[in-house]
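>>> pasted the sequence and its predicted model underneath.
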Amino acid sequence: MEEEKIFQEENKVEKKNSHFKGLFLFAFLLFFFLGFFIGVKYYPFLEKEIQNLLSWKVSITLPKITFEKKGTTTRPLTLPKETQEKEYQSEIELEKNVMRVVDDVNPSVVSIIITKDLPVFEQYYINPFKDFFGEDFNIPEFGIPQYRQKGTEKKEVGGGTGFIISEDGLVLTNKHVVSDKGAEYTVITNDGKRYPAKVLALDPVQDLAFIQIEKKVTDLSSFKPVKLGDSSQLKIGQFVIAIGNALGEFRNTVSFGVISGLGRTITASGAGMVETLENVIQTDAAINQGNSGGPLLNLKGEVIGVNVAMAQGAQNIGFAIPINQVKRDVDQIQKTGKIIYPWLGVRYILVTPKIQQQMKLEVDYGALIVKGDNPDEVAVIPDSPADKAGLKEGDIILELNGKKITPQNSLSKIISEYSPGDKVTLKVLRKKETFEVNVTLAERPQ
């Protein structure tokens, strides 16, 4: 009885499982035929959507990644052969142009060698025991070394660069290159010829100087001058070429770059001088020690600047004086043999919002007349045009002939546009009161 009961229970379970299998098979067949019917009816639409989903691809273009469908035109990673050939030809033309400029200007670029008579010393030894044991008691290894001068000897003490601006051998360079009055200067041309040279004039304001090549009477050869360009037309990114006597050793070294900044104001030091240079050109063309005074050229072969300084602790940051600021000196030196500047006769600092806040001033612009750190550095030079006009320490010059004085348009920059003897009108602020005063500019003392 017990076995029969167990058999009946197993039979019920098997029948129950058979019912579930039948229902599962029925559901499967139902969904299969339903899906088949929908697929046949809507197949064209589904096929189109599936193809659209699968047809997108990533196409890398420069300079960004875009998504485009098959069949559309995309820019390939490598340029077409024609474009590559055009770019290659452009590079070749640029290279040829640079070489042409260098070949044309090199004969006009000179190296300047600085020599001085330096004392020559000789070494000798004294006997420290002669007072006790006499002259005969002498132990060389215990001798005390001494030095005495034995005449003088000419030695090279520095070097720089310059470039010829007239056929008779007038050379333009930096003031700090030829500022030593006790030195002798020799010019070496690109073909290796050496000429003595004398300093004609030093610019009292800008880092510029003129020296004259001294030829023998029998030397009838003329020098090739450079062509001066127009620095007012310069643009950031413009290609430039620098040529100079790099490190005072490698003559006529060429570097190539772009103008990376305009209108810079820097403080430059060297050869015992510290100067603030305004409105200079910044370039990444390498300007090394010894390049000072060399030309900065455009691709036409025109001088658009005079290389003057490099930034310490930086790579390829150099500066040049715009050639338009030099043309005035060139004209004066060729006509009169000296450089003349107008002079007001005040010592000042430019007012900025920061200076205004620190010193509690009424304005945030102008030239504040101040004295220097040393007792002899007075604010207003005695008997100067400013002194005669009644200007005092603490006055703020706001304008000169209606031109506002700012860090970008300093007092010295505005004054340089005039000549000695010119009358100008100054707008001055003194203790919260503004007034105007007429001043006749004088010639700046050398």
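Thanks, I have it. Keep in mind that what you see is a predicted model, and the values were worked out from it rather than measured. Residues are numbered from 1 along each chain as shown.

>>> CA atoms for contacts and neighbours, from now on please.
Will do.

>>> quick one, phi psi at residue 299?
phi -80, psi 0 (degrees, to the nearest 10).

>>> wait, isn't it in contact with residue 96?
No: with contact defined as C-alpha atoms under 8 Å, residue 299 does not reach residue 96; the gap is 10.5 Å.

>>> neighbour count for those two, which is higher?
residue 299 (17 against 12; other C-alpha atoms under 10 Å).

>>> isn't there a strand covering residue 327?
No: Residue 327: not assigned to a strand; according to DSSP: H, G, I helix; E, B strand; the rest coil it is helix.

>>> show the pLDDT at it.
The model reports residue 327 with a pLDDT of 91.

>>> how many neighbours does it have?
Should you count by other C-alpha under 10 Å, residue 327 turns out to have 14 residues around it.

>>> again, but for residue 336
Residue 336 has 9 nearby residues by other C-alpha under 10 Å.

>>> wait, what's in contact with the residue lying closest to residue 258 once chain neighbours are set aside?
Nearest non-adjacent residue to residue 258, counting by C-alpha to C-alpha, 6 or more residues apart in numbering: residue 239, 4.3 Å away. Residues counted as contacts of residue 239 (C-alpha atoms under 8 Å, 6 or more residues apart in numbering) are 256-259, 298-299.

>>> again with residue 325
Contacts of residue 325 (C-alpha under 8 Å, 6+ apart): none.

>>> any idea how far residue 281 is from it?
11 Å (C-alpha to C-alpha, to the nearest Å).

>>> which regions of the stretch 301-446 of the chain sit below the pLDDT cut-off?
Low-confidence segments of the stretch 301-446 of the chain (pLDDT under 70): 313-314, 446.

>>> now the helices for it?
Here the stretch 301-446 of the chain has its helices, by DSSP state H, counting those that start in this stretch, at 324-336, 353-359, 385-388, 411-415.

>>> same check on the stretch 151-300 of the chain?
Using DSSP H, counting those that start in this stretch, helices in the stretch 151-300 of the chain do not occur.

>>> which intervals of it have sub-threshold pLDDT?
Those would be 151-152, 217-220, 247-249, 268-275, if you go by pLDDT under 70 across the stretch 151-300 of the chain.

>>> for the helices of the stretch 301-446 of the chain, give me a markdown table that also has distance to residue 222.
Output for the helices of the stretch 301-446 of the chain, formatted as a markdown table (distance: least, C-alpha to C-alpha, whole Å):
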| stretch | distance to residue 222 |
| --- | --- |
| helix 324-336 | 17 |
| helix 353-359 | 54 |
| helix 385-388 | 44 |
| helix 411-415 | 36 |
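
>>> so for residue 377, which of those sits nearest?
Checking the helices of the stretch 301-446 of the chain against residue 377 by C-alpha to C-alpha gives helix 385-388 as the closest, at 14.4 Å.

>>> which residues sit against the closest one?
343-346, 380-381, 439-442.
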